[in-house]
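Colleague: Kindly return the folded structure for what I paste below:
(one chain, ligands or ions: 2)
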Amino acid sequence: MNIFDFDFDISFKIPRFKEKMRVAVTGLSKSGKSVFLTSLIYQLLADDKIDYVHQKSKKKFNVKLMPPESSIARFDYYNFVREFRSKNPTWPKSTKSVTKTTLEITVKSSYSWIENKKIDLELIDYPGEWLLDLDMQGRNFEDWSMNNLELALKDLRLKLSKEYIRMINSIDLYSKSDEEIDEKIVEKYKEYLLKCYEKGLSFIQPGRLLQPGDLSNDPILLFSPLPAPQIISNIDENSVYARFKERYKRYVKDVVKKLHLDHFQNFDTQIVLIDLLKTLENSKESFEDMRYSIKKILENFTYGKNNFITKLFGLKIERVIFAATKADLIPKNQIEEYKKLLEDMIYDIKRELDVEHIETDVTVIASVKCAQTVYTKIEGEEKACLKGVIEGEEESCIYYPGELPKSLKSEDLWNREFKFPNFKPPRFPQTNTQAPPHIRMDRIIYNILKDKL
Ligand SMILES: Nc1nc2c(ncn2[C@@H]2O[C@H](COP(=O)(O)OP(=O)(O)OP(=O)(O)O)[C@@H](O)[C@H]2O)c(=O)[nH]1
Ligand SMILES: [Mg+2]
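Modeller: Numbers count the residues shown, from 1 in each chain. Ligands and ions are numbered 1, 2, ... in the order given. So this is what the prediction gives:
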């Protein structure tokens, strides 16, 4: 045998560990989380997948949707897509529980002797209302009540909370009473929260009261903020106050803390989705209230740098992407102003993250583009408008949503009128060969994956 006839085993490859990426998609209710996740998965699975990502990363990769773990419900991707693909496409319904999805990304190795890299990208979806309740952790009932009652007596809320305040002022909250009254008080409080929601206010606690999920009709939710008595020892153990305090404690311990531990820890990337259209349609107060809510929400996440050692104790968020959603409803010529409005909202939050060396990015996106910008004359003046099918209609129409001023500093912004109707989504392609229309989803996907590819 010729010694040069040596059979070198080229099938051997240097193995690689599978990497994990956990992305916290963070957003208040109706900010567009479920649609964003559906679009993101669709874009990644589609054959024409995100040319931009391939071009920028110069890497080839494949994506597979993994079967769900048995312990947690699966993000309803296939049903959402089926609805988007139907003749009369519809948006996903409001989310009522926590669901999870994992995408396995296989990145082609640059060398044939090194195994392809595999990354598990984990994403969760949940009702936006539940997010604000995380802020209740670490606060006792007295503290929480004081904060929420102070808020209820301020500005716009003062009018909305009138009936609730009148009710609690007319009841003896500290002496022995029948439990029947509890439901009535909480019902009034819920009415107040709903009014806040309708006025575009975001800070709503407990959010679970508006979206109870599996706690629907559960007495654990029978509490609302109450003023503390002058003398603590005057509280009867069968009083409204004592019962509400006890239920509050149980809710925070058994529900909020558990939710936090089970689902809102251990992320390395965060995407904060913000629906600024809601604030434009409402008021400056709605804008400020949203800013406050986002700040409160982000206080519940852990930021920092990950390294081999720190990873042993759980991941920290190293990168935060702020994205204003539904940008297809802002005419093209005002997109820069829309972005500036987002920059204004998150200015302080971003600065704090910058100081901590957390990478941040600010962008505007439309997960699913439903409307086009067209120009048309209104009362002799050319205006940028939207063309699309408004929900409940059959035919496409041209719609003027209002116009963002060039300078957002002027109070003029909050004197202008805006109205953004819900547009019907376009029908999704019937096969995975092509992705649905979007704005900047490719940019955001690249941003999420860039360090891993
Ligand atoms: N035009 C437009 N509308 C959008 C887009 N994304 C979401 N929407 C609208 O916003 C609504 C809410 O979107 P969802 O993704 O369900 O919001 P969510 O954050 O999951 O809401 P919850 O589940 O209630 O927390 C949708 O029903 C659509 O009407 C988008 O990219 N463009
Ligand atoms: Mg949802």
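Colleague: CA atoms for contacts and neighbours, from now on please.
Modeller: Will do.
Colleague: quick one, strands of the stretch 51-200 of the chain?
Modeller: Secondary structure of the stretch 51-200 of the chain, counting by DSSP state E, counting those that start in this stretch: strands at 61-65, 99-107, 117-125.
Colleague: for this structure, what are the low-confidence residue spans?
Modeller: Along the chain, segments meeting pLDDT under 70 span 1-11, 47-49, 310-312, 410.
Colleague: Domain map for it?
Modeller: 19-132+261-368+429-449, 133-258, 374-415 (automatic domain parsing).
Colleague: Can you show me the CA trace of the helix or strand hosting residue 24 as PDB?
Modeller: If you go by DSSP states H and E, residue 24 is part of strand 19-27. Extracted C-alpha coordinates of strand 19-27, given in PDB (Å, rounded to 0.1, in the frame of the first residue of the first chain):
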ATOM      1  CA  GLU A  19     -26.200  29.400  21.400                       C
ATOM      2  CA  LYS A  20     -29.300  30.900  23.000                       C
ATOM      3  CA  MET A  21     -30.700  34.300  22.300                       C
ATOM      4  CA  ARG A  22     -33.600  35.500  24.400                       C
ATOM      5  CA  VAL A  23     -35.400  38.600  23.100                       C
ATOM      6  CA  ALA A  24     -37.800  40.500  25.300                       C
ATOM      7  CA  VAL A  25     -40.500  42.000  23.100                       C
ATOM      8  CA  THR A  26     -41.800  44.700  25.400                       C
ATOM      9  CA  GLY A  27     -44.900  46.700  24.700                       C
END
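Colleague: Paired strands for it, with orientation please.
Modeller: According to DSSP bridges, strand 19-27 forms sheet pairs with strand 117-125 (parallel), strand 269-274 (parallel).
Colleague: can I get the strands of the stretch 51-200 of the chain in JSON lines with distance to residue 241 and mean neighbour count?
Modeller: Listed next are these as JSON lines, based on distance: least, CA to CA, whole Å; neighbours: other CA atoms under 10 Å:
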{"stretch": "strand 61-65", "distance to residue 241": "49", "mean neighbour count": "17"}
{"stretch": "strand 99-107", "distance to residue 241": "35", "mean neighbour count": "20"}
{"stretch": "strand 117-125", "distance to residue 241": "35", "mean neighbour count": "20"}
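Colleague: how about these, which one is nearest residue 28?
Modeller: With CA to CA as the measure, strand 117-125 is the member of these nearest residue 28 (11.5 Å).
Colleague: outside of the closest one, which residues touch it?
Modeller: 16-25, 33-34, 37, 75, 95, 97-109, 263, 452 (CA atoms under 8 Å, 6 or more residues apart in numbering).
Colleague: Which helix runs longest in the chain?
Modeller: helix 335-355 (DSSP state H).
Colleague: which strands and helices sit next to that one?
Modeller: helix 284-298, strand 319-324, strand 359-364 (3 or more CA pairs under 8 Å, 6 or more residues apart in numbering; DSSP states H and E).
Colleague: Just name the most buried of these.
Modeller: Each of those was scored by mean neighbour count; the highest is strand 319-324, a mean of 22, by mean count of other CA atoms under 10 Å.
Colleague: and that one, how far out from the chain's middle?
Modeller: 11 Å (CA atoms, centre = their mean, to the nearest Å).
Colleague: now do stretch 211-224
Modeller: 22 Å.
Colleague: ok so, going back, can I get the strands of the stretch 51-200 of the chain in TSV including distance to residue 365?
Modeller: Output for those, formatted as TSV (distance: least, CA to CA, whole Å):
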stretch	distance to residue 365
strand 61-65	22
strand 99-107	21
strand 117-125	18
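Colleague: Ligand 2 is nearest to which of those strands?
Modeller: Closest approach to ligand 2 among the strands of the stretch 51-200 of the chain (CA to the ion): strand 117-125, 6.5 Å.
Colleague: That closest one close to ligand 1?
Modeller: No - applying CA under 6 Å from any ligand atom, one finds strand 117-125 separated from ligand 1 by no less than 7.3 Å.
Colleague: and that strand, C-alpha only, in PDB?
Modeller: Only the C-alpha atoms of strand 117-125 are listed here, as PDB (Å, rounded to 0.1, in the frame of the first residue of the first chain):
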ATOM      1  CA  LYS A 117     -23.500  27.500  14.000                       C
ATOM      2  CA  LYS A 118     -26.900  26.900  15.600                       C
ATOM      3  CA  ILE A 119     -28.700  29.600  17.600                       C
ATOM      4  CA  ASP A 120     -32.000  29.200  19.400                       C
ATOM      5  CA  LEU A 121     -33.900  32.500  19.300                       C
ATOM      6  CA  GLU A 122     -36.600  32.500  22.000                       C
ATOM      7  CA  LEU A 123     -39.500  34.900  21.900                       C
ATOM      8  CA  ILE A 124     -42.500  35.300  24.200                       C
ATOM      9  CA  ASP A 125     -45.800  37.000  23.700                       C
END
